[in-house]
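Participant: Structural data only, the sequence is not supplied:
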């Protein structure tokens with residue numbers, strides 16, 4: 001009596017409707033990539049280049065805010081930084097936030 005057959009209705013008419021329903025998600029991901037992910041990756045690459053180019057005599061600022069001069073760069077990812085005359089500390093190179101004054105390479 002009241003029972004009638006139920007038919008599925010396509011929301012937009014087939015394959016075109018499926019793509020149209022995912023289009024907002026694709027656009028949101030693209031916007032997030034270009035506004036957040038890509039600039040962050042670029043910043044990480046620049047920091048990595050800065051750390052790799054670190055050498056003796058550079059004046060640096062650590063992530064903790066200490067300012068000092070690099071006296072030795074170790075191969076194991078550490079650097080020795082002189083904070084004051086006679087005060088030297090070992091820091092992990094990746095914690096160096098900024099190179100203030102870059103020294104010129106010695107001419108051979």
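Facilitator: Happy to help now that I have it. This structure is a prediction, so every number in the text was calculated from the model and none was measured. Numbering: from 1, shown residues only.
Participant: Report the rounded mean pLDDT for the longest helix along the chain.
Facilitator: Of all segments of type helix in the chain, defined using DSSP state H, the longest is helix 15-32. Here helix 15-32 scores 86 as its mean pLDDT.
Participant: what does stretch 90-108 give?
Facilitator: 83.
Participant: who touches that stretch?
Facilitator: 47, 50-51, 53-64, 67, 73-74, 77-81 (C-beta atoms under 8 Å, 6 or more residues apart in numbering). Any C-beta I mention is one placed from the backbone N, CA and C, and that applies to glycine too.
Participant: which secondary structure element contains the one residue sitting closest to the centre of the chain?
Facilitator: Ranked by distance to the mean C-alpha position of the chain (C-alpha atoms, centre = their mean), the top residue is residue 44 at 3.2 Å. Assigned by DSSP states H and E, residue 44 falls within helix 38-52.
Participant: Identify each buried residue in that helix, please.
Facilitator: Neighbour-count burial for helix 38-52, with 16 or more other C-beta atoms under 10 Å as criterion, is recorded at 50, 51.
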